[in-house]
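J.: For reference, the sequence and a predicted model appear below.
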Amino acid sequence: MPRSASNPVGRLRQQVLEAVVLLSSDLDDDAVVRQLIEDGCTGKQAWKLAILVPMAFARVAFSPAGVRFQEHFVMIKLVAGSVWQRRRRLTSEPAFQEAMRHAQRLAKPARLRGFYQIVRRSAEYAAIQSLRRQGSPLEKIRLSEAGVIAQ
């Protein structure tokens, strides 16, 4: 990632855009994270992007069909042999907000292929598809808070 983005907002936009490009490729999540780290993200930032970007894209894809998402996620860490959990509002995460903006721009018919490459990476997509196979209509699906294991 170019080091020229000296302001935090510009740097975040670049990181999210790079994550969008990498996540829409055939790379697996570990390879996406490695590339983000190689391009200047910390390990924590890279994993956050690999998790939050697909979450944002899934919301843009399925909210119009009536799927309801939680506004929070649970950050889970293992600390000194015990589990630490912290509930956070997704909109408090700048990377999530920026990913939502990208998702909304990309959710146009001509751009849907790359858009759905990212959506399919989200845990929400897997849950929605499982419920659909069981016969649940989209407008009846209510997802619980996502749990995110901190790296």
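T.: The structure has been received and is ready for your questions. The structure displayed is predicted, hence computed values, not measured ones. Numbers count the residues shown, from 1 in each chain.

J.: Show the contacting residues for Tyr116.
T.: Tyr116 makes contact with Ala61 under the criterion Cβ atoms under 8 Å, 6 or more residues apart in numbering. Every C-beta, even on glycine, is put in place using the N, C-alpha and C of the backbone.

J.: Quick check: it is in a helix.
T.: Yes - in this structure, Tyr116 lies within a helix as judged by DSSP: H, G, I helix; E, B strand; the rest coil.

J.: Quick check: pLDDT value at it.
T.: In the predicted model, Tyr116 carries a pLDDT score of 80.

J.: Tell me how many other residues surround Arg86.
T.: 11 (other Cβ atoms under 10 Å).

J.: Could you tell me which helix of this protein is the longest one?
T.: With DSSP state H applied, the helix covering the greatest number of residues in the chain is identified as helix 43-62.

J.: and Gln117, what does it touch?
T.: Under the criterion of Cβ under 8 Å, 6+ apart, the contact list for Gln117 reads Leu23, Ser24, Ser25.

J.: Can you say which of the residues you listed are buried?
T.: For the contacts of Gln117, a neighbour count by 16 or more other Cβ atoms under 10 Å gives the buried set as Leu23, Ser24.

J.: From Val21, how far off is Asp39?
T.: 11 Å (Cβ to Cβ, to the nearest Å).

J.: Can you tell me which helix or strand of the protein has the lowest average pLDDT?
T.: Ranked by mean pLDDT, DSSP states H and E, the helix or strand of the chain with the weakest confidence is strand 146-149, at a mean of 74.

J.: and for it, what are the contacting residues?
T.: For strand 146-149, the surrounding residues in contact (Cβ under 8 Å, 6+ apart) are Ile51, Met55, Gln70, Phe73, Val74, Met75, Ile76, Lys77, Ala123, Glu124.
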